[in-house]
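Trainee: Next come a sequence and a model predicted from it.
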Amino acid sequence: MLQGVKRIDTYEWEVPIGFVAGMRVPACFFLSESLSESLEPGAIQQLANVATMPGIIKNSLAMPDIHWGYGFPIGGVAAFDLTEGVISPGGVGFDINCGVRLITTPLAQKEVTGRHDVIERLFHAVPTGVGAKSALRVTGQELDTMMVKGARWAVDAGYGEPNDIVRCEDGGCMKEANPHQVSSKAKQRGVPQGGTLGSGNHFLELQIVREIFDEKAANAFGLSKDQVCCMIHCGSRGLGHQVCTDHLRVLEGATRKYQIKIPDRQLACAPVSSPEGKAYFAAMAASANYAWANRQLITHATRLVLKKMFSVDYDEMPLVYDVAHNVAKIEEHLVDGKMVKVCVHRKGATRSFGPRTADIPQNLSSVGQPVIIPGSMGTPSFVLRGTSKAMERTFGSTCHGAGRVMSRTQAKKRLSGKEVIANLARRGILVKSPNENTIADEAPEVYKSSQEVVQVVHEVGLSLLVARLEPLAVIKG
Amino acid sequence: MSFVEISHTADVKIQIRAPTLEALFSDACDALMQVIYGTSRKGILKKDIAITSQDIDSLLLDFLSEVLFVSEVEAIVFSKADVHIDGTNLYAELEGEPFNRQKHAKGTEVKGISYSGLLIRHDANGFMVEILFDV
C-alpha cells in the first residue's frame, strides 16, 4: 500500500489529514489486499484532493472500484453541507447520470443462444457508436418537457409502462431540473440523440441469471435463476457532456469569486446555495432526466424487438431497476445523530439505500433498493441490495463496476478486436459493434474482476449480493 | 502528427510537443479528431472558430470543447486547424469533411476535455502539454 495510507480494518483504509495540503477531513476507501495491487497513486491523490473542499462531511470516500479519473477519482463519493459546502461538476463527470438498468424477460437461454439475428435486430433498433443518430428528434418545448419529467416523459409518450417509473431511482426524475439552465448548445446536441447508446464502455447486453445468492430479495426484485435479462448501460449523451463543459467554465469563475482554494481545476465548484451552484445543479438534474428518458427509449426499442421476434408480451419484460452512477443529489442522511439534508456526489458510485429508506419502491421496502453492477463483455454483472450499513458509512453508496486495470494504449497493443470477438464467441458470447477498435479497448482483460469488487462491498456490507448474471450477447458502442 | 497517447487506465491522455503555441493547439485538435474518428480525414470544407478565454490553458480547453461541439452538431470531421493566437484570443480556420459512418466510425466518442493536469509548459525546446479526454 502507498506510504502514508493507514489500514483500519480488513477492507478499510484511511488517508489521514495532511496527505495533501489543506485536507479538512480524512479520506477513506474500501479495498481488498489483491485489488490494492492495481491501485494507482493518482487515484489516492484525487481522493485526498476532494477532502480539501469546503463543507465536506465526515470523509472523502471511495469504493473498491476506485481508479484514476479527473477531479474526483472514479468510485468517489462525498457529501457536502448545504450552507458551508460546495457542488462540483468534477464530482459528477461529463456523462451526467451515466447509469444502468435491467429488464427481465420470460425467455430461456436456449431461445437466444447463438441467435445472431437477435443481436443484429437489436443493433439496428438502438443507434450505437460514434456519430449515430436517432430517428426520433425531440425538439423545442418537447425537449424541455423531457428534461423536466425524465422517464415519465417517455412513458407518457408511449415508450414504456407506468411501473417503469416506479422502478427507477428517484422515479426517473430529479425534481430540481430546470431546462432554462441548459444552454442552446447542449440542447442542440440532445435533439438527435434521444434513444442512442453512445460508445466506449456503454452497452446493451442480453444476460442470463446464473446464480441467486438471496432468494427473498431476488423474488422481491422479480429475478429467478436461468432467466434471460437485458442490461442497458448509458447516460445523458452529448447534452449532458455539454452541460458539464458549459458549467465548468462558469464554476471556474465562481471558484475565484468565492475564493475557494482547490488543488485541481477540474474540481471547480461553488457553494451549493450560490446562484452558480444552483444553476449547475438545475442543469445537471435536467441532464439526469434526459438520461433516464434515454434509457427508457432504449428499453422500449429493446422490448419491441423481443416482442416481435419471440411473441412475448410487452408487459412480460418488466424493469427490475434503474440506477444512476454519475450524479449529485440532495439527500437526507444521519450526521452527528441528526437527519440533515446534504449534497451527495457520486462519481462512478451507485446509490445503495437500505431497507425502509425514502425513495425506494414500497414493495421493496423490507429488502432495500436493487443495486445494479455491470460487468464488461465477458465478465459477470451483479444485482445487490442496499443496506443500512451503507446509510451509516457511505451516505448510502456502493461500487459501480469493475474498474479498468489496463489502459487503452496497452489494450490496443496486446489485443485485436477480432481476437476478442473470436474468444468470446468460443465462450458462447456474441458481440456486435460498429467498431472493432472499441472491442479491443473494452475487452474483459482490461477490467478488474467484477466478482472481486462486489465481494468487497458485500463483505463490508455496503450492499449485499442477490444475483449473478452472465453475458450471452453484447452490443458495444 | 506530433502527439502521443500516453498510458491512462480510464481515459485517453495525450501528450503534445510543438515548436509554437499555434502548432500545439493545432496538434491538439488533430489528436481529438483522431481519437474520435480515426486517421482518414480529408479537408474539403472550411469552418472558422473564434474563442476568448481568461488564460492560455482555458483557451486550449475551450477551443477543443468548441471543436467537439461543432464536429458533433454539424457532423464535420476536421482534418486540419490553422490557429492564430493573440493573448487569450483565438481564431482558427478549420478544414474537414462531412461525417461518413463507414469511414469515420473508427474511434470512440470524447465526452469532454478535462482540466485535470492541463498545464501548457514552455521551455527552450518549445511547448508541451498533456490533455485528458474523457471517453
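Mentor: Everything's here; your move. Residues are numbered from 1 along each chain as shown, chains lettered A, B, ... in the order given.

Trainee: Tell me which residues of the helix ranked longest in chain A come out buried.
Mentor: Secondary structure of chain A per DSSP state H: the longest helix is helix A:275-310. By 16 or more other CB atoms under 10 Å in any protein chain shown, the buried positions in helix A:275-310 come out as A:276-303, A:305-307, A:309-310. Bear in mind the C-beta positions are built from the backbone N, C-alpha and C, glycine included.

Trainee: what's the spacing between that helix and its chain's center?
Mentor: Chain-centre distance of helix A:275-310: 13 Å, with CA atoms, centre = their mean, to the nearest Å.

Trainee: what is the mean pLDDT for it?
Mentor: The pLDDT scores in helix A:275-310 average 98.

Trainee: what's the answer for stretch A:334-346, then?
Mentor: The model assigns stretch A:334-346 a mean pLDDT of 96.

Trainee: Can it be said to contact chain B?
Mentor: No - using CB under 8 Å from any CB of the partner chain, stretch A:334-346 stays clear of chain B, with a minimum separation of 15.8 Å.

Trainee: who in the stretch 251-400 of chain A is up against chain B?
Mentor: Near chain B, when you scan the stretch 251-400 of chain A using CB under 8 Å from any CB, you find A:252, A:253, A:264, A:265, A:266, A:268.

Trainee: Tell me, how many residues neighbour the fifth one?
Mentor: Counted by other CB atoms under 10 Å in any protein chain shown, the residues lying close to residue A:266 total 26.

Trainee: now it, nearest residue through space, not along the chain?
Mentor: residue A:71 (3.8 Å; CB to CB, 6 or more residues apart in numbering or on different chains).

Trainee: What about the one you found? Give its phi and psi, please.
Mentor: Backbone torsions of residue A:71, given as degrees, to the nearest 10, read phi 70, psi -110.

Trainee: Would you mind giving the secondary structure of the spatially most central residue of chain B?
Mentor: Among the residues of chain B, residue B:29 comes closest to the average C-alpha position under CA atoms, centre = their mean, at 2.0 Å. The three-state assignment at residue B:29 reads helix, by DSSP: H, G, I helix; E, B strand; the rest coil.

Trainee: Look up how far residue B:68 lies from it.
Mentor: From residue B:29 across to residue B:68, the span is 10 Å (CB to CB, to the nearest Å).

Trainee: again with residue A:360
Mentor: Applying CB to CB, the value for residue A:360 to residue B:68 is 38 Å.

Trainee: what does residue B:125 give?
Mentor: 29 Å.

Trainee: Run the contact check for the strand or helix carrying residue A:468 versus chain B.
Mentor: Taking DSSP states H and E as the criterion, residue A:468 maps to strand A:463-476. No - Strand A:463-476 lies out of reach of chain B by CB under 8 Å from any CB, never closer than 10.4 Å.

Trainee: Can you list the strands that that strand pairs with?
Mentor: In the sheet containing strand A:463-476, its partner strands are strand A:203-212 (antiparallel), strand A:381-386 (antiparallel), strand A:430-432 (parallel), by DSSP bridges.

Trainee: At the geometric centre of chain A, which residue do we find?
Mentor: Geometric middle of chain A (CA atoms, centre = their mean) lands on residue A:325, at 2.6 Å.

Trainee: per-residue confidence for it?
Mentor: Reported pLDDT for residue A:325: 98.

Trainee: pretty sure residue B:116 is in a strand, no?
Mentor: No - Residue B:116 is assigned coil when assessed by three-state DSSP, not a strand.

Trainee: show me where the stretch 51-200 of chain A has helices.
Mentor: A:109-112, A:116-125, A:140-149, A:151-156, A:162-166, A:184-190 (DSSP state H, counting those that start in this stretch).

Trainee: before we move on, the earlier item: who's in contact with the residue nearest to the centre of chain A?
Mentor: By CB atoms under 8 Å, 6 or more residues apart in numbering or on different chains, the contact set of residue A:325 is A:98, A:99, A:100, A:346, A:348, A:349, A:350, A:400, A:401.

Trainee: Compare those and tell me which is most surrounded.
Mentor: residue A:350 (34 neighbours).

Trainee: correct me, but residue A:50 touches residue A:266?
Mentor: No - using CB atoms under 8 Å, residue A:50 makes no contact with residue A:266, being 11.0 Å away.

Trainee: From the residues of the stretch 251-400 of chain A next to chain B, keep the buried residues only.
Mentor: Applying 16+ other CB under 10 Å to these flags A:252, A:264, A:265, A:266, A:268 as buried.

Trainee: Mark which of those residues are part of helices, please.
Mentor: Those of these lying in helices (DSSP H): residue A:252.

Trainee: Output the buried ones among the residues of the stretch 251-400 of chain A next to chain B in a markdown table; the columns should cover pLDDT.
Mentor: Formatted as a markdown table, these follow (pLDDT from 0 to 100):
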| residue | pLDDT |
| --- | --- |
| A:252 | 95 |
| A:264 | 94 |
| A:265 | 93 |
| A:266 | 94 |
| A:268 | 97 |
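
Trainee: Mind picking the two most distant members of the buried ones among the residues of the stretch 251-400 of chain A next to chain B?
Mentor: A:252 and A:264 (11.8 Å; CB to CB).

Trainee: residues shared between the contacts of these two?
Mentor: residue B:115.

Trainee: that older thread, from the contacts of residue A:325, which is closest to residue A:54?
Mentor: Nearest to residue A:54 out of the contacts of residue A:325 is residue A:346 (CB to CB; 19.1 Å).

Trainee: got the buried residues for the helix or strand harbouring that closest one?
Mentor: Using DSSP H and E, the element containing residue A:346 is strand A:338-347. By neighbour count with 16+ other CB under 10 Å, strand A:338-347 contains the buried residues A:342, A:343, A:344, A:345, A:346, A:347.

Trainee: Who are the contact partners of the residue nearest to residue A:175 when sequence neighbours are not counted?
Mentor: Of all residues not flanking residue A:175 in the chain, residue A:285 sits nearest, at 7.7 Å (CB to CB, 6+ apart). The contact partners of residue A:285, by CB under 8 Å, 6+ apart, come to A:174, A:175, A:176, A:177, A:178.

Trainee: again with residue A:235
Mentor: The neighbourhood of residue A:235, defined by CB under 8 Å, 6+ apart, consists of A:95, A:96, A:97, A:98, A:99, A:198, A:202, A:291, A:294, A:326.

Trainee: mind listing the strands for chain B?
Mentor: Using DSSP state E, the strands assigned to chain B run over residues B:3-6, B:12-18, B:45-52, B:76-86, B:89-98, B:112-114, B:121-123, B:126-134.

Trainee: In terms of mean pLDDT, which of these ranks lowest?
Mentor: strand B:3-6 (a mean of 90).

Trainee: which residues touch it?
Mentor: Applying CB under 8 Å, 6+ apart, the external contacts of strand B:3-6 come out as A:408-409, B:12-17, B:27-28, B:30-31, B:35, B:130.

Trainee: ok, 7 Å please
Mentor: Contact partners of strand B:3-6, identified using CB atoms under 7 Å, 6 or more residues apart in numbering or on different chains, comprise A:409, B:12, B:13, B:14, B:15, B:16, B:27, B:30, B:31.
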